[in-house]
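Undergrad: Next comes the sequence, and after it the predicted model I'd like to discuss.
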Amino acid sequence: MPRYVVRSSKGNLSPEQVAQLKASGKVAVVDESARMLLVDAGEKDLQEATASFGDLTIHEEMSYSVPDPHPSVPKPEKPPAKPKKK
């Protein structure tokens, strides 16, 4: 399931809103702070669970790959072995 960031447009989420989302069987709260929640849910399930709130903004979680700070340099190819002289 995708993860969504849920924020209140009025500032902090009310404890009642957080409790209602946690009580919903279709939405799993992954992480929370005073200003936002990270939830794991289907889009329709989340919209149904938050339909009565009205003042929420919901965005799908974005993730970015961390660049390699030390990119590797390709090693030069070894020259062909020289034939031994007899």
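TA: Now that the structure is in, tell me what you want to look at.
Undergrad: Surely Leu38 touches Arg7?
TA: No - counting by CB atoms under 8 Å, Leu38 stays clear of Arg7, with 10.4 Å between them. Using the backbone N, CA and C atoms, a C-beta is placed for each residue, glycine as well.
Undergrad: Contact partners for Ile58?
TA: Going by CB atoms under 8 Å, 6 or more residues apart in numbering, Ile58 touches Tyr4, Val5, Val6, Arg7, Leu46, Gln47, Thr50.
Undergrad: Just the strands from the chain, written as ranges.
TA: 3-8, 28-32, 36-40, 56-60 (DSSP state E).
Undergrad: Would you reformat the ones you listed as a markdown table and include mean pLDDT?
TA: What follows is those, written out as a markdown table (pLDDT from 0 to 100):
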| stretch | mean pLDDT |
| --- | --- |
| strand 3-8 | 91 |
| strand 28-32 | 91 |
| strand 36-40 | 92 |
| strand 56-60 | 89 |
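Undergrad: Would you list the phi and psi of the residue nearest the centre of the chain?
TA: Central residue check for the chain by CA atoms, centre = their mean: the C-alpha nearest the mean position is that of Glu61, 4.0 Å away. Main-chain dihedrals, Glu61, degrees, to the nearest 10: phi -60, psi 140.
Undergrad: Can you pull out the low-pLDDT segments for this structure?
TA: Applying pLDDT under 70 to the chain flags the ranges 86.
Undergrad: Scan it for its longest helix.
TA: Across the chain, the helix with the greatest residue count (assigned by DSSP state H) is helix 15-23.
Undergrad: so what does it touch, helix or strand wise?
TA: Other helices and strands packing on helix 15-23, by 3 or more CB pairs under 8 Å, 6 or more residues apart in numbering; DSSP states H and E, are strand 28-32, strand 36-40.
Undergrad: For it, buried residues please.
TA: The neighbour-count check on helix 15-23 (16 or more other CB atoms under 10 Å) flags Gln17, Val18, Leu21 as buried.
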